[in-house]
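# task: produce atomic coordinates for the following.
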Amino acid sequence: MDHPDYSYADKVLEDAQRSLASGVDLEELNSANVTIVQAIVASAKALKECDFKKEKPVTCPACAHGFAVEVIAGEALAKSLNHLCKSLDGNARLTQFLRGNADSRPDLAGGLGLAGLKPEQLGQVMTWLEENERELSHRD
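Predicted coordinates for the structure are as follows:
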């Protein structure tokens, strides 16, 4: 998208972000995000209704009488919550990355640091990206 008030650096940065996003359209991503969030909400509601209790047969060591004891299926609950949280986190990270924001994880913050590059440095990055894209397209 061309804007009359964009500087050369703005244009190069926008092109770099589009290349880094592998051509993903942010509007399409936002639409997908809505669908993902709806699925997460539906999953969370289903998770809320799940009964993670199960009966476990036990035997008294003294009298050998059998009992059914209700226990929490902690592993199943933990896995369900873990998958739900990873889905939400991954979706949020992808959205932020494709918008050109740095990774929120402290050890990766700053990413490629494109915002701090001079216009000629951004131009070089774009040249490298285009060269890599050409090389990859010739391999197919």
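# secondary structure class for the residue nearest in space to the middle of the chain?
Geometric centre of the chain, nearest residue: Gly90, 1.8 Å, by CA atoms, centre = their mean. Put simply, Gly90 is helix when judged by DSSP: H, G, I helix; E, B strand; the rest coil.
# distance of it relative to Cys50?
22 Å (CB to CB, to the nearest Å). The C-beta positions use only the backbone N, C-alpha and C, and glycine is treated the same way.
# what does Glu70 give?
In terms of CB to CB, Glu70 sits 15 Å off from Cys50.
# quick check on the most far-flung residue of the chain relative to its centre: phi, psi?
Distance from the centre of the chain peaks at Cys63, with 54.3 Å (CA atoms, centre = their mean). Taking degrees, to the nearest 10, you get phi -110, psi 0 for the backbone angles of Cys63.
# so what's Ile40 up against?
Counting by CB atoms under 8 Å, 6 or more residues apart in numbering, Ile40 makes contact with 84, 87-88.
# just give me the neighbour total for Glu75.
9 (other CB atoms under 10 Å).
# can you tell me the helix or strand for it?
Taking DSSP states H and E as the criterion, Glu75 maps to helix 74-98.
# in that helix, what's buried?
80, 91, 94-95, 97-98 (16 or more other CB atoms under 10 Å).
# in a markdown table, list those residues along with distance to Ile40 and pLDDT.
As requested, the buried residues of helix 74-98 are arranged in a markdown table below (distance: CB to CB, whole Å; pLDDT from 0 to 100):
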| residue | distance to Ile40 | pLDDT |
| --- | --- | --- |
| Ser80 | 12 | 74 |
| Asn91 | 8 | 76 |
| Leu94 | 14 | 78 |
| Thr95 | 14 | 76 |
| Phe97 | 19 | 77 |
| Leu98 | 19 | 73 |
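# before we move on, the earlier item: which one of the contacts of Ile40 is nearest Lys56?
The nearest member of the contacts of Ile40 to Lys56, counting by CB to CB, is Leu84 at 25.5 Å.
# how near is that closest one to Ala32?
With CB to CB as the criterion, Leu84 and Ala32 are 17 Å apart.
# fine by me, thanks again.
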